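# Sequence first, predicted model second:
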Amino acid sequence: QISIEPGVRGALGGRLVERFSQGVSFGNTTPSITFASAEKAMYLNTLGARSLGLRMNGVAKVQVTVAKIYASNVQDFLRADKRYGSGNGDNEEGDGGEYGGSMEGEDGEDNSGSYQYYDLENRGDVLFTRSYTTAALKKQNGLHLLSLSLKDLEFNAPLKGLYVVRVQDSEHLWLREEKLVALTDLGLIARQNADGNAVVFLNSIRTAQPVSGATVHFISTSNQVMGTATTNGQGVARYDSVAGSRLQLGMVTVVKDADFSFISLPKTRVETSRFEVGGLTSNAAHYQAFMYGDRDLYRPGDTIYTNTVVRHDDWRTPPAGLPIKVRLLLPTGKEYVRLGERLNATGAVASRFILPPSIM
């Protein structure tokens, strides 16, 4: 019960005239564990703090398990979504095993909560399992920070891969959250043409500088190595498709010293339906015109100077004296003025539009 006596002054002025009483109830919040970053955010820089942010409520102690999915299994692993399990013993991880754990609480109670998990069977190995008290974890901006060690992750080992980090309540093991983590400083951008050729751009995530001398493997959707290349001084590697090959590019992996990174084409493809990506189209005259001005911003009373360059589809210069029309449109799309011009010997023409002081 909360009571406020008369005479209390309000923050915006005024005083309380009558006594105010209100009953208040406090309930137990539901325990929860979530990662602060989005599910698709998986790249963690090796040159940074290597910390994962956790939002935890009502959890005193957690069990952290880290597993490594080996590079040759990453593509198959990413195709499979999380599986569902429950705390009533019907979990799909079998009898628990090294990664599954027991669904029975420390006090022997039957926990019937449901959860999602990644199936690691025949795809990787567990590196370690440790327990942490929530109070012992560093905090920053309301988040508990889970720091990852390169040594614990076997970063320098010859077998590279993708990491799966699982955090679960030590008392209620069904209360868990799992996240994919790619520990790397190698940032990849891949571009594939309609003919199957691909170009890869490799840069440092921390400095954005090109990374040269890295080994790039082009992996098919059936997990076959289609080709290997080395990035040049600009961090660029190319793959030329083989005519008649049934293989389709599905993933690109890259290794530079101890660092490993990858990009899955189906998972990272940019949807282009909302962009103008049709390319250059021709017209009946087979001419293309290019126009530029002396600046981008003009005020009422200014004079607009433009230059128009016309070329044939095969880049030939059109004949001198070819008549063209240059139009100035208002923001509404209505034509304000039209100029009749003729191209000079270089296939260009300069134009001038005088804007009256009253124009909008």
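Great, that's in hand.

# Which helix or strand in the protein has the lowest average pLDDT?
Using mean pLDDT, DSSP states H and E, the weakest-scoring helix or strand in the chain turns out to be helix 97-100, at a mean of 42.

# could you pull out the helices for the protein?
Secondary structure of the chain (DSSP state H): helices at 74-79, 97-100, 265-268.

# Lowest average pLDDT across those?
Between these, the one with the least mean pLDDT is helix 97-100; it has a mean of 42.

# Quick one: low-confidence residue ranges for the stretch 101-250 of the chain.
Low-confidence regions of the stretch 101-250 of the chain, defined here as pLDDT under 70, cover residues 101-112, 243.

# give me the beta-bridge partners of the nearest residue to residue 54 once chain neighbours are set aside?
What sits nearest to residue 54 in space, not counting adjacent residues and going by Cβ to Cβ, 6 or more residues apart in numbering, is residue 144, at 4.5 Å. Yep, even glycine has a C-beta here, placed from its N, CA and C like the rest. Residues in a beta bridge with residue 144, per DSSP bridges, are residue 54, residue 139.

# need the contact list for residue 144.
Taking Cβ atoms under 8 Å, 6 or more residues apart in numbering as the contact definition, residue 144 lies against 53-56, 134, 137-138.

# Dump the C-alpha coordinates for stretch 336-346 into PDB.
These are the backbone C-alpha positions of stretch 336-346, laid out as PDB (Å, rounded to 0.1, in the frame of the first residue of the first chain):
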ATOM      1  CA  TYR A 336       9.600  25.000 -68.200                       C
ATOM      2  CA  VAL A 337      11.700  25.600 -71.300                       C
ATOM      3  CA  ARG A 338      13.000  23.700 -74.300                       C
ATOM      4  CA  LEU A 339      16.200  24.500 -76.300                       C
ATOM      5  CA  GLY A 340      17.000  23.400 -79.800                       C
ATOM      6  CA  GLU A 341      20.700  22.700 -80.200                       C
ATOM      7  CA  ARG A 342      23.100  21.000 -82.600                       C
ATOM      8  CA  LEU A 343      26.100  18.900 -81.700                       C
ATOM      9  CA  ASN A 344      29.600  20.000 -82.400                       C
ATOM     10  CA  ALA A 345      32.400  17.900 -83.900                       C
ATOM     11  CA  THR A 346      33.000  16.200 -80.600                       C
END
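
# what's in contact with that stretch?
Stretch 336-346 has contacts (Cβ under 8 Å, 6+ apart) with 308, 310, 317-330, 349, 351, 353, 359.

# so which of the helices of the chain is the most packed in?
Neighbour counts (mean count of other Cβ atoms under 10 Å) averaged over each of the helices of the chain peak at helix 74-79, with a mean of 18.

# what sits up against it?
With Cβ under 8 Å, 6+ apart as the criterion, helix 74-79 contacts 69, 118, 123-124, 161-162, 219, 221, 223, 250-251, 253, 262, 264, 267.

# Select only the buried ones of those residues in PyMOL?
Selecting the buried subset of the contacts of helix 74-79 in PyMOL, with 16 or more other Cβ atoms under 10 Å as the burial test, is done by:
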select buried, resi 69+118+123+124+161+162+219+250+251+253+262+264
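
# quick one: residue 189 and residue 208, what's the gap?
Distance of residue 189 to residue 208, computed by Cβ to Cβ, to the nearest Å: 12 Å.
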